[in-house]
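>>> coords below, sequence missing:
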């Protein structure tokens, strides 16, 4: 893949950058600006080179038309603060406002197009419709830089089709993401430990199947663990359970035993009466969850068990929290996993936090991001990478 440095002299050139600014909002307030900060190395490099930077990005899931709640105005404001310079926000994606905003840029200045998903062509399944939007985007730029890792697994106009229209390169963020994930999948230092959490087993079936051939150890937490416990014959009360995946999970447990892959499940669980921050709760054995109660976190003994299984690793990938970390009473398991990754890193392990809720947990729980080898900005993209899938937004850059 070509990098920014391979594009030559960019002074005065219009550079279209696809970033991922799909940040969480409380009204118009960004509650986690991690994805905005992750874009800074690429944007600063281009601005320092004298490029006229035009950023395309999305926020949320608008239905192909403008919606005030999905405007990128809060992102433009925050990005301007972080860059220390104004960020002009176009009122549309590729219309008259976008054209005028880009035309007004000087060398070393930056503009942000309004939410690219306000245009229905962005996510169209019809090739000609996506190509039409890519043509309109190409008219605004001289070169294209892919730097939105959170969308590289999508065949979308501003991710895939645009790279076929303009000279292109990969941005610093996507390059770092790909290099880090390849380090964890192509020939990982061992022991290789993967910690999987999150709500549903069905979201990670392909990942589990692929990792069964690569990892030495799989640690299972989060809501998905209850399907694993059910597969082992345990009652899980009112805990999240995908009954239709129990037989599949039984198959994975059998495969793991055959392959010598260690699957580590919690030994105790923090159970609550209801899914609420202030719900009465206590700790029970993982195989003795009472009827009428639900598991919301791994217990203290499990936290120590997980820690012991992480500390001797040389490569650790973590995707998915161990419990409902957003509620303080059920955050201890996720905090313990994060701390174990930090300590493993100090012992020489290469650690990856696989985006999405895991990355949010690291920040919300107050960890120093620099203490992890890599924090991914793309939950879905990192999962598909771990699954071994071809990512369209990467493949088109490598062609």
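Yep, that arrived. Please read all numbers here as calculations on a predicted model, not as lab measurements. Numbering: from 1, shown residues only.

>>> quick one, what contacts residue 94?
By C-beta atoms under 8 Å, 6 or more residues apart in numbering, the residues touching residue 94 are 113, 119, 133, 136, 137, 139, 140. (Glycine included, C-beta is placed from N, CA and C.)

>>> That one sits in which helix or strand?
Using DSSP states H and E, residue 94 maps to neither a helix nor a strand.

>>> For it, give its distance to residue 63.
Applying C-beta to C-beta, to the nearest Å, the value for residue 94 to residue 63 is 18 Å.

>>> With residue 199 instead?
Look at residue 199 and residue 63: by C-beta to C-beta, they are 25 Å apart.

>>> same check, this time on residue 269
Counting by C-beta to C-beta, the separation of residue 269 from residue 63 is 39 Å.

>>> quick one: which of those two has more around it?
residue 269 (32 against 10; other C-beta atoms under 10 Å).

>>> starting at the chain centroid, how far to the lowest-mean-pLDDT helix or strand in the chain?
When each helix and strand of the chain is scored by mean pLDDT, DSSP states H and E, helix 379-387 comes last, with a mean of 86. A distance of 8 Å separates the centroid of the chain from that of helix 379-387, by C-alpha atoms, centre = their mean, to the nearest Å.

>>> can you list the residues that contact the following helix or strand past that helix?
Downstream of helix 379-387, the next assigned helix or strand under DSSP H and E is helix 392-398. With C-beta under 8 Å, 6+ apart as the test, helix 392-398 has contacts from 1-2, 146, 148, 151-155, 159-160, 163-164, 168-170, 174, 178.

>>> so where do the helices sit in the stretch 251-399 of the chain?
Using DSSP state H, counting those that start in this stretch, the helices of the stretch 251-399 of the chain run over 300-311, 332-346, 356-364, 379-387, 392-398.

>>> Throw the ones you listed into JSON lines and include mean neighbour count, thanks.
Shown next, in JSON lines, are these (neighbours: other C-beta atoms under 10 Å):
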{"stretch": "helix 300-311", "mean neighbour count": "19"}
{"stretch": "helix 332-346", "mean neighbour count": "22"}
{"stretch": "helix 356-364", "mean neighbour count": "22"}
{"stretch": "helix 379-387", "mean neighbour count": "23"}
{"stretch": "helix 392-398", "mean neighbour count": "18"}
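
>>> what's the closest of those helices to residue 214?
helix 379-387 (8.8 Å; C-beta to C-beta).

>>> Show the backbone phi and psi for residue 197.
phi -140, psi -150 (degrees, to the nearest 10).

>>> So it sits against residue 320, correct?
Yes: look at residue 197 against residue 320 with C-beta atoms under 8 Å: they come within range, at 3.1 Å.

>>> what residues do those two have in common as contacts?
Common neighbours of residue 197 and residue 320, counting by C-beta under 8 Å, 6+ apart, are 221, 222, 224, 358.

>>> quick one, what contacts residue 198?
Applying C-beta under 8 Å, 6+ apart to residue 198 gives the contacts 204, 222, 223, 224, 319, 320, 321, 356, 357.

>>> closest to residue 305 among those residues?
Set against residue 305, the nearest of the contacts of residue 198 by C-beta to C-beta is residue 222 (15.3 Å).

>>> Could you look up the SS state of that closest one?
Here residue 222 takes the coil state, with states given by DSSP: H, G, I helix; E, B strand; the rest coil.

>>> With adjacent residues omitted, what lies nearest to it?
residue 197 (3.0 Å; C-beta to C-beta, 6 or more residues apart in numbering).

>>> so which of the helices of the stretch 251-399 of the chain comes closest to residue 51?
With C-beta to C-beta, the closest approach to residue 51 among the helices of the stretch 251-399 of the chain belongs to helix 392-398: 18.5 Å.

>>> The closest residue to residue 342 other than its chain neighbours: neighbour count?
Closest residue in space to residue 342, ignoring its immediate chain neighbours: residue 371 at 4.5 Å, by C-beta to C-beta, 6+ apart. Other residues near residue 371 come to 16 when the count uses other C-beta under 10 Å.

>>> ok, residue 371 touching residue 344?
No: checked against C-beta under 8 Å, the pair residue 371 and residue 344 is beyond contact range at 10.4 Å.
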